[in-house]
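>>> Output the structure for:
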Amino acid sequence: MDIVSSENSGWDCPSCGRRVPGRIRACRCGFAQSSAVEVEIGDARTSRPWAAGLPLLGIGLVLGAALALYPWKREPAAPPAPAQAPKATAAVAATHGTNADDAAPAYVPTPIEPVHAPETTITPPDKEPLEELVSKVVPAVAFIQAGQNRGTGFFISRDKLLTNAHVVGGQSSVNLQLGDKNYTARVINISTGSDLAVLEVYNANPNQPVLTLGTVASARVGEEVIAVGSALGVLSNTVTRGIVSAVRKAGPVTLIQTDAAINPGNSGGPLVNRAGQVIGINSLRAGQQAEGVAFAVAIDHATQLLNGERVTDSQTPLGSLTQMLDGRPEADTQRVRGEQDYARSLDTVARAAAELDTLWNRYASGCVTAVAAAGDHPWFAVYTTGGVRLGTSQVTDCPGWFDAVRTRADAIRAEMDRAGESARQRGVYPGAARDLRRRYRLQWAGWDR
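The predicted structure is shown next:
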């Protein structure tokens, strides 16, 4: 064997696996190292095994410094940690060799809340306050000056209006006043048979408010409507309120009868229901002798005109109406006025019923143990024997409260009976009376007995 290094070194024989002293160059099995250089390298690697990890340690130190200096974005404050969070924090502190009190709290991911579709509350159009409805309608109504004629029109698009044919007369263009602004419009379509005309505005306002067209099919006798126009030709944006009294035919034209005040200058203005839809175009009233009887051309005829259709009858709605009124039986007149009077009575009763609702709701929860179903108002049950069962209360005089409720309820019933009997004597149809009671939330089966 050849001696190639000191006795303190050694190498492993790759052939038999024996540990061979560093000074011996050949193993007993016959394997011999090729040169002293390789032995020196092998001895260095064997005697200093930690030296091979120095490059990796250097790389790790560089990466650690880079991560420490990187401007990390702080996570948002975590919600209160669960019960096991303190243990996790202590474990992290121990791992990094810091005190648990000095260590940052362990990051707990915020749970992602499920996304739910927003709830949509639909408010019935007839529940919108009247003043809100008026504030939306008025900006779309304009005063019209056509030669010597004066009237009203309303926008159905940013540059188109509807009005009566008798307002524009024989003029090909008219002047409009809308608030403090003036416009010029030309007549682009006209139908004398339905007394309607379509106007187109020059240099229209791109943000002009417009009205939505409805249909006469949605009109119900007794429903509330408003009429907007330029009363007497000078009082622009005049608003009057009434109800639909009837829907009638005047020759080929359908008219909506209303008790809303329609005066000269209102012609061509919109008749709007509580849903904000135009159901008629105010046209005429039945003369000085017929108070509270006015008519609007059904908006359906305007839709036909916009679609290129015309009522070809040579007679205007006014002429047809005059002919109809001349031959109308007296019973029809009485029935119309009876419906109007019944609606006014119901309006008064509805306000009294709302006040009684307040008294009922204040003490019913502490005094009433059972109540029978009784129409639109729970206190209608007092009209039925045994309909209300009273309990006792330590803080309320339940019998005294119930006597007050019953007294007011009896007064309301007396008025309903009186108004109902008057309506029947004047020929008001039962179906029309029920529709009116439904409109004013006064439905109860006992009214028809």
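
>>> Put the alpha carbons of the helix or strand that contains Leu161 into CSV.
Under the criterion of DSSP states H and E, Leu161 resides in strand 160-163. Taking C-alpha atoms only, strand 160-163 is exported to CSV below (Å, rounded to 0.1, in the frame of the first residue of the first chain):
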residue,chain,number,x,y,z
LYS,A,160,-93.3,65.0,-29.5
LEU,A,161,-96.5,66.1,-27.8
LEU,A,162,-100.1,65.2,-27.8
THR,A,163,-103.0,67.6,-27.7
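
>>> in its sheet, what does that strand sit against?
If you go by DSSP bridges, strand 160-163 pairs up with strand 149-157 (antiparallel), strand 196-201 (antiparallel).

>>> Next, format those strands as JSON lines and append distance to Val141.
Bear in mind the C-beta positions are built from the backbone N, C-alpha and C, glycine included. Putting the strands paired with strand 160-163 into JSON lines (distance: least, CB to CB, whole Å) gives the following:
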{"stretch": "strand 149-157", "distance to Val141": "5"}
{"stretch": "strand 196-201", "distance to Val141": "13"}
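
>>> wait, which of those strands is closest to Ala373?
For Ala373, the closest of the strands paired with strand 160-163 is strand 149-157, at 44.4 Å, according to CB to CB.

>>> phi, psi of the residue lying closest to Gly386 once chain neighbours are set aside?
Using CB to CB, 6 or more residues apart in numbering and skipping the chain neighbours, the partner closest in space to Gly386 is Ala372 (7.6 Å). Main-chain torsions, Ala372, degrees, to the nearest 10: phi -80, psi 150.

>>> Of all the strands paired with strand 160-163, which one is nearest Glu224?
strand 149-157 (18.8 Å).

>>> Buried residues in the top helix by length along the chain, which are they?
In the chain, taking DSSP state H as the definition, the longest helix is helix 330-367. Judged by neighbour count using 16 or more other CB atoms under 10 Å, the buried positions of helix 330-367 are 335-343, 345-346, 349-350, 353, 356, 360, 363-364, 367.

>>> can you check stretch 24-32 too?
24-25, 27.

>>> what ranges do the strands span in the stretch 101-250 of the chain?
141-146, 149-157, 160-163, 173-178, 181-191, 196-201, 212-213, 224-231, 235-250 (DSSP state E, counting those that start in this stretch).

>>> would you turn those strands into JSON lines with mean neighbour count?
Listed next are the strands of the stretch 101-250 of the chain as JSON lines, based on neighbours: other CB atoms under 10 Å:
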{"stretch": "strand 141-146", "mean neighbour count": "25"}
{"stretch": "strand 149-157", "mean neighbour count": "23"}
{"stretch": "strand 160-163", "mean neighbour count": "26"}
{"stretch": "strand 173-178", "mean neighbour count": "18"}
{"stretch": "strand 181-191", "mean neighbour count": "16"}
{"stretch": "strand 196-201", "mean neighbour count": "24"}
{"stretch": "strand 212-213", "mean neighbour count": "14"}
{"stretch": "strand 224-231", "mean neighbour count": "24"}
{"stretch": "strand 235-250", "mean neighbour count": "19"}
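
>>> export those to a markdown table and tack on mean pLDDT and distance to Asp376?
Output for the strands of the stretch 101-250 of the chain, formatted as a markdown table (pLDDT from 0 to 100; distance: least, CB to CB, whole Å):
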| stretch | mean pLDDT | distance to Asp376 |
| --- | --- | --- |
| strand 141-146 | 90 | 35 |
| strand 149-157 | 90 | 35 |
| strand 160-163 | 93 | 37 |
| strand 173-178 | 90 | 42 |
| strand 181-191 | 90 | 43 |
| strand 196-201 | 92 | 40 |
| strand 212-213 | 92 | 29 |
| strand 224-231 | 84 | 17 |
| strand 235-250 | 84 | 19 |
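
>>> shaky segments in the chain?
Applying pLDDT under 70 to the chain flags residues 1-9, 34-55, 65-127, 231-236, 264, 285-291, 310-333, 449.

>>> Please look at Ile226 and Val239 and confirm they touch.
Yes. Taking contacts as CB atoms under 8 Å, Ile226 lies within contact range of Val239: 5.8 Å.

>>> Now do the shared contacts for these two.
Residues touching both Ile226 and Val239 (CB atoms under 8 Å, 6 or more residues apart in numbering): 134, 137.

>>> could the buried residues of stretch 24-32 be laid out in JSON lines, adding distance to Leu211 and secondary structure?
Below are the buried residues of stretch 24-32 laid out as JSON lines (distance: CB to CB, whole Å; DSSP: H, G, I helix; E, B strand; the rest coil):
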{"residue": "Ile24", "distance to Leu211": "112", "secondary structure": "coil"}
{"residue": "Arg25", "distance to Leu211": "111", "secondary structure": "coil"}
{"residue": "Cys27", "distance to Leu211": "109", "secondary structure": "coil"}
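
>>> and which of those is nearest Val405?
Cys27 (118.1 Å).

>>> dump the residue contacts of the closest residue to that closest one other than its chain neighbours.
For Cys27, ignoring the flanking residues on the chain, the nearest one in space by CB to CB, 6+ apart is Cys13 at 4.1 Å. When contacts are counted by CB under 8 Å, 6+ apart, Cys13 touches 19-20, 27, 29, 31.
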